[in-house]
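Participant: no FASTA, just this:
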């Protein structure tokens, strides 16, 4: 471990810098929580950061010792100077997760460690699990893992039709902004972001814009990085490896009946059948960014599937 980055995305009780095998360095955040409680490691979506989930993470800190990290290409992380298809390969994210999980486990003194992943974070867990090298998580809840289906899968054509434009659009994102507030004002009127809870959208805008020395802000996950990650997962063979997963896993899908559904929600039932022993829940009325749309419902569902009763009843919101 080394000194943490100067740019941090999440207010935390402690931040340490964890070095991955290839030299990438990621900030690992630890929230103040009850001592001796089980641990929870949370991994974020592509283009987001640990701090994007700040209000949601603090819900879990009532019951658990919560850890989160900025993956390579995001937030306060740094990564080696190498071709993007090398440094952002799905296996490099998996290596990184294994290293981070080992550091977290070493701090728990034998207490159970749980995992929650969303989108990129969820797919990273599955990639690691297919290698037979996943850490000994007590259980994992994966929200919308974008494991791209093979050509023989039922919804391969739909996935390809939706993923290819996403790869292209993400490469063209506006990188420079006056302030997080300016980004917030734009996003709250656009697409999926219109459904975000205000506090979650505000946290996301703060966590994904890095201040520049000369003034203004830039995306902490540069457009070329985000696009390359989408492409890497599009080309990965993780789908064909899913039957080798030997971990207790619960999948959570957004609403596949929605008019503008994510391709991930379409393939998740078939994905669940490919993973031995996996279970699947669907949250009606939500999209791919369901944690940001219905944080309380996602919190309570995750606790239930981890075998931990919610601290108190909540509405879906």
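Facilitator: All right, it came through fine. What you see is a predicted model, and the numbers here were worked out from it, not measured in a lab.

Participant: count of neighbours near residue 259?
Facilitator: For residue 259, the number of neighbouring residues by other C-beta atoms under 10 Å comes to 5. Every residue, glycine included, has its C-beta placed from N, CA and C.

Participant: wait, residue 227
Facilitator: If you count neighbours by other C-beta under 10 Å, residue 227 ends up with 22.

Participant: what does residue 192 give?
Facilitator: 14.

Participant: shift numbering so it begins at 657
Facilitator: Yes, from this point I'll number from 657; that puts the last item at residue 848.

Participant: contact partners for it?
Facilitator: 943-945 (C-beta atoms under 8 Å, 6 or more residues apart in numbering).

Participant: and if you look at residue 743?
Facilitator: 678, 680, 728, 735-736.

Participant: where does residue 965 land on pLDDT?
Facilitator: For residue 965, the model assigns a pLDDT of 71.

Participant: which residues touch it?
Facilitator: Applying C-beta under 8 Å, 6+ apart, the residues near residue 965 are residue 959.

Participant: pLDDT score assigned to the residue nearest the centre of the chain?
Facilitator: Taking C-alpha atoms, centre = their mean, the centroid of the chain lies closest to residue 700, which sits 2.1 Å from it. pLDDT recorded at residue 700 is 98.

Participant: surely it and residue 706 touch.
Facilitator: Yes: Residue 700 lies in contact with residue 706 (C-beta atoms under 8 Å); the separation is 5.8 Å.

Participant: overlap in contacts of those two?
Facilitator: 724, 726.

Participant: show me where the stretch 707-856 of the chain dips below the pLDDT cut-off.
Facilitator: Flagging of the stretch 707-856 of the chain using pLDDT under 70 yields the residue ranges 789-790.

Participant: just to revisit the earlier point, most neighbours among the contacts of residue 743, which one is it?
Facilitator: residue 728 (25 neighbours).

Participant: quick check, residue 922 in contact with residue 813.
Facilitator: No: using C-beta under 8 Å as the test, residue 922 is too far from residue 813 to be in contact (10.4 Å).

Participant: run through the helices of this structure in chain order.
Facilitator: With helices called from DSSP state H, the chain shows them at 710-716, 740-743, 746-762, 776-786, 812-827, 836-843, 854-864, 879-891, 894-897, 919-930, 946-949, 951-961.

Participant: now distance to residue 667 too, for the ones you listed, in CSV please.
Facilitator: CSV is the format used below for these (distance: least, C-beta to C-beta, whole Å):
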stretch, distance to residue 667
helix 710-716, 7
helix 740-743, 28
helix 746-762, 18
helix 776-786, 20
helix 812-827, 28
helix 836-843, 14
helix 854-864, 10
helix 879-891, 24
helix 894-897, 33
helix 919-930, 30
helix 946-949, 18
helix 951-961, 17
